[in-house]
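A.B. asks: 3D model of this:
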Amino acid sequence: MPLGDTVQIIEQTKRLIITWDTGVVDENGDPVTKRSSIAVSNNSTDQILYDLAYQLEALTNYSIYGISITDSRDLGPVA
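C.D. replies: A predicted model of the protein is given here:
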């Protein structure tokens, strides 16, 4: 595909990433965390995903350390 050709989105993916505080600290006193990555609908709003993270927290023994959302798009065609 030459420079200047029209790009197309081949696949679009959105993921909710929750970083959990395990309640354990390492030898340096830093919290030990675990990360979960969940594929979600591309139409999900930030508020819906934020609320979902806290709903999931109620099902675990961990507390939320951080919440993020990643969006990725595969572009093409690639020659």
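A.B. asks: Thought T22 was touching I64, still the case?
C.D. replies: No. The pair formed by I64 and T22 falls short of the contact definition of Cβ atoms under 8 Å, at 11.6 Å. Where C-beta positions appear, they are placed from N, C-alpha and C, glycine not excepted.
A.B. asks: Tell me the buried residues in stretch 3-11?
C.D. replies: Using 16 or more other Cβ atoms under 10 Å as the test for burial, stretch 3-11 gives no buried residues.
A.B. asks: Now do it: distance to the chain's middle.
C.D. replies: Averaging C-alpha coordinates over stretch 3-11 and over its chain gives two centres that are 25 Å apart (Cα atoms, centre = their mean, to the nearest Å).
A.B. asks: what stretches of the chain score poorly on pLDDT?
C.D. replies: 1 (pLDDT under 70).
A.B. asks: longest strand anywhere in it?
C.D. replies: strand 8-25 (DSSP state E).
A.B. asks: That strand pairs with which strands, and in what direction?
C.D. replies: strand 31-40 (antiparallel), strand 63-76 (antiparallel) (DSSP bridges).
A.B. asks: how about it: buried residues?
C.D. replies: When neighbours are counted by 16+ other Cβ under 10 Å, the buried residues of strand 8-25 are found to be K14, L16, I18, T19, W20.
A.B. asks: Format the residues you listed as CSV; extra columns: distance to V32.
C.D. replies: Compiled in CSV, the buried residues of strand 8-25 are given as follows (distance: Cβ to Cβ, whole Å):
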residue, distance to V32
K14, 28
L16, 21
I18, 15
T19, 11
W20, 10
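A.B. asks: what's the closest of those residues to I38?
C.D. replies: Each of the buried residues of strand 8-25 was scored against I38 by Cβ to Cβ, and L16 proved nearest at 4.7 Å.
A.B. asks: Beta-bridge partners for the closest one, please?
C.D. replies: Beta-bridge partners recorded for L16 (DSSP bridges): I38, I69.
A.B. asks: Can you classify Q55 by secondary structure?
C.D. replies: For Q55, the secondary-structure state derived from DSSP: H, G, I helix; E, B strand; the rest coil is helix.
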